[in-house]
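# Give the three-dimensional model of this entry:
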Amino acid sequence: MMHDKLFSENQENKKFLISGNEAFARGIYEAGVRYAANYPGTPVSEIGDLLNDLGKKSNTFIFDYSINEKVALESCIGVSWAGGRSVVMFKHVGLNIASDPLHTFPYSGVRGGMLIICGGDPGIHSSTNAQDNRYYSLHTKIPIIVPSSVQECKDYVKYGLFISEKHELPIYLHVTNKLSHGHSIVRFDKKENSIRTIKFEKDPKKYINTLKKAMNNQLILYERLDALKNDDEISNLMNKEHITCEQEDNIKELQEKIGIITSGICFSHAVEACHRLKLKIPILKLGLIYPMNMKLIMDFILKNDLKKVLIIEELEPFIENNLKVEVHDKLKDFKSIEIIGKKYFPRVGELNSDIVMDVLAKILDKKNDVNIIELHEKRQIVEEIVSNLPVREPTFCSGCPYRPVFYALKKSTKVLTKKFSWEFIFGGDISCSTLAESYPFELIDYVISMSAGIGIANGLSRILDPNKQKMIAFIGDSTFFHTGLQPIINAIKDNIDLTIIVFYNFWTAMTGHQVHVGTPVEYIAESLGNNAIFSNQVDLINVINSFNPKNLVVTDSYNINKLKSIFTKELQKSGVKIIIIKSECALVKARRLKERKERKGYEVFYRILDHCVKCNECIEAFGCPAINIKKESSHSEENEDEKNQELIYYIDQNKCIPKVCPGACKMTCKNNAIKKTIINPQLKGKMSE
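The predicted model follows:
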């Protein structure tokens, strides 16, 4: 939706179709939050992008694209301790980076409300793992709230900040990609305009966590948690009972009285499954899952005379295990109640209503229900179709500066392997360079986490035989500033035999082209306007130069022959070799050049000539998506047999971006069949190179 409506005070009680991430941003706006920070990460990157726009226009709200998640969290802690409301957001693995302060600052609590929005990825769509961050609560003692609808994404921001201030606790808001990226109708409310005095009030007992002070604050934290656990106002606000019903008589068919306890998006799956199977089943939706209000849960069980409780949740049995401990160990009268969950539901991947329907059919012996039969038939058909579909490998964008680098690197290492019998080990990282794991490059041997490509190489390079195996590690510029400096410094310190390739493309490209501390100020102003948030650029090359590396090369990415020469020369050296590829992200640069609205002048495009011998080097080895093949009949007759159809190689002008990429594909053609054509409107003609 339009940002002027998303962040407008004149939309009270109006309804809009928005995404979960937009709802979070609106909730932050409505709650009168003073400060928000993030390091971009799917599925919650868009929240920061939206708030960045708000921060440029607001005099009372500040947004920061922080250098990493730890800094983002710590800055929000500071704002909270000064009395302002703050929100930090990042993806699930980002919480690992922030986990050091996360375990201690709850001892001191908060003043202004503080919310941690963390996006999980149970289907591992854009991550390296599916860790269930709800378990962080067991050792950080931070309460967790879980919205189950797009409307609740907005409302739970305000609820969370209210709980935070009432009980002086930071609140963790857990969301997954289905809800972040899902859309629904959301009702907007009035923005809070409460006046808050911003001042840090010194209190050594509260804020200094050492020795006895820390132990005393730990006891206070437990007292706050107990108070929240037994807070009926909060419990009634966050937890709701729902009964699905299509036919009143269906309840009589059940062999056992069963109820469902769930939270988040799984609540929607449960409701849909019950409606499709026409079941009347009581459902308790938990909005606050840590700490759990056991009185509420026991009342739910007694009220509905339940003998069996089905827990529906993604990934780990978090609610299930906690409930079993409470029920079986502390409440003897409830020991006869069967609590089930992961006995039926998978611990891997996302859930959906089809999976929930299958489980309910098994438990309630409704396997012959027409809806279940139809579901299985549909699933079988889909599996047959999917199994025959071609696999689409992930690839770099058209004109991407990374493609010629990996093309040249693959050629160079192949030559060196043949000459010296070296095997090259390639350390991957979390960036666009990860796409080199796929065909046609296949130059990634491991990927773990941000900057781990170089970190792991620190160990590998120390024990590998340099006469047999050589290490090459990749890192992007945003990751370099995030956590990459330390492993690079460590490598230089020990002068290990390692080649580090740093991609300096000026943007956090993989997560949506957000700015980072290394983005040139003039690019930010040109792309984001004069109210851009960064006033200074930290030049990556100057930073690396300050480490005083013995071997440092800076080059652009599109001259393939130059790249081959650099790689061949540098890879034969010993010690640490750093190669910086300085080329802006092609998509951002193309957009930026387009927005300049300059007079067009020369038009440039690339084309494949008729004498192409179809060696497939440009398609199979280089792999640019702008280069395609089509079949064309060799005769004019209709319905020609495929035998008589000729394969035509061509460059899709809708995908090719010649204003950014200076024809790297041209350098891959051994037969000089790719030509550059320049059209000059003034001369009313064209010329080729």
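# ok, now how distant is the residue nearest to residue 139 when sequence neighbours are not counted from residue 142?
Nearest non-adjacent residue to residue 139, counting by C-beta to C-beta, 6 or more residues apart in numbering: residue 103, 6.8 Å away. The C-beta positions use only the backbone N, C-alpha and C, and glycine is treated the same way. Distance from residue 103 to residue 142, counting by C-beta to C-beta, to the nearest Å: 9 Å.
# Ok, residue 579 next?
According to C-beta to C-beta, residue 579 and residue 142 sit 42 Å apart.
# do residue 237 as well
Distance of residue 237 to residue 142, computed by C-beta to C-beta: 18 Å.
# which residues of the stretch 451-600 of the chain score low on pLDDT?
Within the stretch 451-600 of the chain, the stretches with pLDDT under 70 are 527-535, 596-600.
# Can you pull out the low-pLDDT segments for the stretch 251-400 of the chain?
Low-confidence segments of the stretch 251-400 of the chain (pLDDT under 70): 251-256, 328-335.
# which stretches of it form strands?
Under the criterion DSSP state E, counting those that start in this stretch, the stretch 251-400 of the chain contains strands at 258-262, 281-285, 288-290, 308-312, 338-340.
# who wins for proximity to residue 323 among the ones you listed?
Minimum separation from residue 323 across the strands of the stretch 251-400 of the chain (C-beta to C-beta) falls at strand 338-340, 5.8 Å.
# Could I get the buried residue list for the closest one?
For strand 338-340, the neighbour count (16 or more other C-beta atoms under 10 Å) marks 339, 340 as buried.
# centre of the chain versus it, how much separation?
Averaging C-alpha positions (C-alpha atoms, centre = their mean, to the nearest Å) puts strand 338-340 34 Å from its chain's average.
# hang on, isn't residue 117 packed against residue 89?
Yes. Taking contacts as C-beta atoms under 8 Å, residue 117 lies within contact range of residue 89: 4.0 Å.
# which of these two has more neighbours?
residue 89 (31 against 27; other C-beta atoms under 10 Å).
# Next secondary structure element downstream of the strand or helix carrying the more buried one?
Residue 89 belongs to strand 86-91 when assigned by DSSP states H and E. Sequence order places helix 94-97 as the next helix or strand after strand 86-91, per DSSP H and E.
# secondary structure class for residue 632?
Here residue 632 is recorded as strand under DSSP: H, G, I helix; E, B strand; the rest coil.
# And for it, nearest residue in space, chain neighbours not counted?
Nearest-residue entry for residue 632: residue 648, 4.9 Å, with adjacent residues in sequence omitted and distances by C-beta to C-beta, 6+ apart.
# what separates the strand or helix carrying that neighbour from the chain centre, distance-wise?
In this structure, residue 648 is located in strand 645-651 according to DSSP H and E. Centroid separation for strand 645-651 versus its chain: 38 Å, with C-alpha atoms, centre = their mean.
# in it, what's buried?
So for strand 645-651, counting by 16+ other C-beta under 10 Å, buried means 649, 651.
# who does that strand pair up with?
strand 627-633 (antiparallel) (DSSP bridges).
# Could you break the chain into its assigned domains?
Listed domain ranges for the chain are 3-236, 239-388, 402-591, 600-688 (source: automatic domain parsing).
# So what sits opposite the residue nearest to residue 324 when sequence neighbours are not counted in the bridge?
Of all residues not flanking residue 324 in the chain, residue 339 sits nearest, at 5.4 Å (C-beta to C-beta, 6+ apart). Assessed by DSSP bridges, residue 339 has beta-bridge partners residue 309.
# ok so, going back, quick check: neighbours of the strand holding residue 89 in the sheet, parallel or antiparallel?
The pairing partners recorded for strand 86-91 under DSSP bridges are strand 35-38 (parallel), strand 114-120 (parallel).
# buried set for the last one?
Which is strand 114-120. Buried residues in strand 114-120 (16+ other C-beta under 10 Å): 114, 115, 116, 117, 118, 119, 120.
# Ok, the first one next?
Neighbour-count burial for strand 35-38 flags 35, 36, 37, 38 (criterion: 16+ other C-beta under 10 Å).
# what's around residue 561, how many residues?
9.
# Equivalent analysis for residue 666, please.
Residue 666: 18 surrounding residues under other C-beta under 10 Å.
# name the helices or strands packed onto the helix or strand hosting it?
If you go by DSSP H and E, residue 666 is part of helix 664-668. Applying 3 or more C-beta pairs under 8 Å, 6 or more residues apart in numbering; DSSP states H and E, we find helix 664-668 packed against helix 402-420, helix 560-570, strand 674-680.
# Sweet, I'm off.
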